Each structure stands twice: as structure tokens, then as C-alpha cells.
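# fold the stuff below for me.
(chains A and B)
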Amino acid sequence: MKSLKHELESLRKILQRVYHEKEIVDVGDQWQSDVMRRIRNLGPVQSGPSFFMLFEQFVWRLTPATCLLIIVVATIFFNLDFTPEYDVFTSFINDTEEVSLAQIFGA
Amino acid sequence: MQNHLSRPSDAEIIRRIINGDVNSFEHLLKKYQDHVLRIVKKHIPYNEAEETTQDVFVRAYNALPGFKEEASFKRWLSAIAVRTCYDFWRKQYRSRELPMSDLSERHREWLDKTLSNQSDQSFHEKSQEKEARELLDWVLSKLSAKDRMVLELVYLEGLSGKEAAELLGLSVSNVKVRSFRSRKKLEKILTALISR
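Take a look at the predicted model:
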């Protein structure tokens, strides 16, 4: 009785061999003509990289700087005590509203 | 010497193509078609390999302006071929166009016979049988597209993590993690297959 490990190793070897034996090459002239037809249909290749390629490269180059900026801005906001300023702003708005309404209704 | 002078280099051919000479692409096609087909046929089912190889050359043609002359064209083309195969599997897995049927009794019989007779001659004969190819396809179909490609390149083809990472456009650490994980998964699948 062969061990499971031994059988596993045998099966692995066979599958590796199968994988390597897949690489038998045979294509005809027709295949070549088909590829060239597709290439000719595409027309001359663009001499410079396309806008999207440049944009993609640009975006990826800026990614680390953008991440850093987000972290810095987030840290600043967390360290800033902006709640009192918000309260002052709200009370100011409320006061203004009350005053203006009072003026309108003549109270 | 005469022959060397009359045959333009890859860089020269690429320059011509970029300058509008589309027909010069045929030189590259003839020179590298066997190489690309060898790569594609290892990763893709036989009936899809020729069309996928065409796609590789079309993608390479469109990407030629981005090719850096100091790099090796063969390596660059190999990376396009591997990534095209990866895209093929991603599409297939998404649409499930290829039937992923379970193993039949025929495959189990083949497996039992193969494991009971393990001489070198038997190994060679067994690996050429249709059942062997179908079993390999079945096992690989159990993995995700990315794990499948990593496993094929590292485990079956014997490339280093760095080489596989370059071909697939992934980081070396990503390839190493995927390679380890997919290898464990493969062993689990094979163990379950043998134990049945």
C-alpha cells in the first residue's frame, strides 16, 4: 500500500509532465495572414502614448503624494478644535434669524 | 555577416512600424509566433490557443509605442502573452463559458491505473492521454484566474517568484503568497481526489 504522500507526488509529476507536453506548436500560413489582416485593419499605430495611458501613468505617480496629503489633512482636522467655532457660527446664524424675523413681524 | 546586415533588429523594425510601416510587423510575427504560441498553449485550452495568440500580437501592436528600446522585446512580448492568458481566464471565470464538469468514471479509472503503475514508461504514456489533460484542466479550474496563472508559472513551469511577478505585472510578495496558497489548495484537491 503506497502512502498518500507518495501518490500525491506521483500525480503531481504526471500533471507537470502533461503541462509541459501541451506546448506542441503547429499553425499554418492562414493563421499568419489572419493576424496581419487584423493588424492592417487597425491601421498605423499611434506614435505617442494615448491620452488615457498618460493619464493613468500620471494618476499612479501622484497616488503616494495624494495619500500623504489625505493623512496630513485628516491629522490637522482632528487636531483642530473646530466644534466651538461651529457653535459660535450656529448661534450667530440663529441670532441673525431671530433678529430678522422679529424685524419682519414687528415683535 | 551579410545575413546579419540584411536582417533588421527588433528595435529597427519597431521604429519602422511606429513610423507607419504596418507591414513590418510581419517580421516580428514570423520571428516570435512560435515563442508566443508555446506560452499560450500551456495556459489556454487547445481550441482557444490560436485566437488568443492572435490577440497577443494585436495587443503587442497597439502597445508598441510604449515599448522601451533598451528592454528585450522577447521578454516584453512574453509578459503580454501571459497577461492575455490571465485575461482570458478572468473572462471565462466571469462568464463560465467553458463547462467545468465534474470528473467522470473514466477519469477515476485512469487515475487508479496511473497510481498503481508508476514506471517511467508508464508515466510518459499516461501523461499523453486525453484523460491526463482533462484532469489537469479540471484541477486548475478549481482555482481563481490569478492563482491559476501563478501556480502554472511557479509550480508547473518552475519560474522564480521574481520572473512570474514580472510576467504577470504583480509584486514579488504577492506572487509568493499566492503561490504558497494555491499550492496548498492544489494539494488539498489532489489529496481529496486520491482519497475518494
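
# by mean pLDDT, point me to the weakest helix or strand of chain B.
helix B:2-6 (a mean of 53; mean pLDDT, DSSP states H and E).

# next SSE downstream of that helix?
Counting by DSSP states H and E, the element after helix B:2-6 in chain order, helix or strand, is helix B:10-18.

# name the helices or strands packed onto that following helix?
helix B:25-43, helix B:73-95 (3 or more CB pairs under 8 Å, 6 or more residues apart in numbering or on different chains; DSSP states H and E). To be clear about C-beta, it is placed using only N, CA and C from the backbone, and glycine gets the same treatment.

# 6 Å instead?
helix B:25-43 (3 or more CB pairs under 6 Å, 6 or more residues apart in numbering or on different chains; DSSP states H and E).

# tell me what angle the helix it packs on forms with helix B:73-95.
Angle, helix B:25-43 to helix B:73-95, by axes from the mean of the first three to the mean of the last three CA atoms, to 10 degrees: 50 degrees.

# quick check, helix B:25-43 touching chain A?
Yes. Helix B:25-43 lies within reach of chain A by CB under 6 Å from any CB of the partner chain, at B:25-26, B:29, B:34, B:37-38, B:41-42.

# residues in contact with that helix?
A:22-23, A:25, A:35-36, A:39, B:13, B:17, B:49, B:52-53, B:56-57, B:61, B:77, B:81, B:85, B:152 (CB atoms under 6 Å, 6 or more residues apart in numbering or on different chains).

# that one: what's the following helix or strand?
Along the chain past helix B:25-43, the next helix or strand (assigned with DSSP H and E) turns out to be helix B:46-63.

# close to chain A, is that following helix?
Yes. Using CB under 6 Å from any CB, helix B:46-63 reaches chain A at B:50, B:54, B:57-58, B:61.

# who in chain A is up against chain B?
Those residues of chain A that sit near chain B, judged by CB under 6 Å from any CB, are A:7-8, A:10-11, A:14-19, A:22-23, A:25, A:31, A:35-36, A:38-40, A:44-47, A:49.

# got a PyMOL select line for the buried ones in those residues?
Selection command for PyMOL covering only the buried members of the residues of chain A next to chain B, criterion 16 or more other CB atoms under 10 Å in any protein chain shown:
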select buried, chain A and resi 7+8+10+11+14+15+16+17+18+19+22+31+35+36+39+45
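
# from B:Leu64, how far out is the residue most central in space within chain B?
Chain B has B:His43 as the residue nearest its centroid, 3.3 Å off, counting by CA atoms, centre = their mean. Separation of B:His43 from B:Leu64 (CB to CB, to the nearest Å): 23 Å.

# is A:Val35 in contact with B:Phe57, as I believe?
Yes. When contacts are counted by CB atoms under 6 Å, A:Val35 is listed as touching B:Phe57 (5.2 Å).

# ok, and the closest non-adjacent residue to A:Arg38?
Spatially, and ignoring its direct neighbours in sequence, A:Arg38 is nearest to B:Val58 (5.6 Å; CB to CB, 6 or more residues apart in numbering or on different chains).

# nope, B:Arg106 is what I was after
Using CB to CB, 6+ apart, the nearest residue to B:Arg106 is B:Glu131, at 6.4 Å.

# pretty sure the one you found contacts B:His107?
Yes. If you go by CB under 6 Å, B:Glu131 and B:His107 touch, sitting 5.4 Å apart.

# look at the nearest residue to B:Ala145 once chain neighbours are set aside and report its pLDDT.
In space, B:Ala145 comes closest to B:Trp89 once its chain neighbours are excluded; the distance is 3.9 Å by CB to CB, 6+ apart. Looking at B:Trp89, its pLDDT reads 91.

# B:Glu12 now?
90.

# what's the answer for B:Arg148, then?
91.

# spatially nearest residue to it (excluding sequence neighbours)?
B:Leu140 (5.2 Å).

# following element in sequence after the helix or strand that that neighbour is a member of, please.
According to DSSP H and E, B:Leu140 maps onto helix B:130-141. Later in the chain than helix B:130-141, the nearest helix or strand by DSSP H and E is helix B:145-151.

# give me the helices and strands touching that following helix, please.
Checking 3+ CB pairs under 6 Å, 6+ apart, helix B:145-151 ends up next to helix B:73-95, helix B:172-195.

# average pLDDT across the helix ranked longest in chain A?
Assignment by DSSP state H gives helix A:51-79 as the longest helix of chain A. For helix A:51-79, mean pLDDT is 85.
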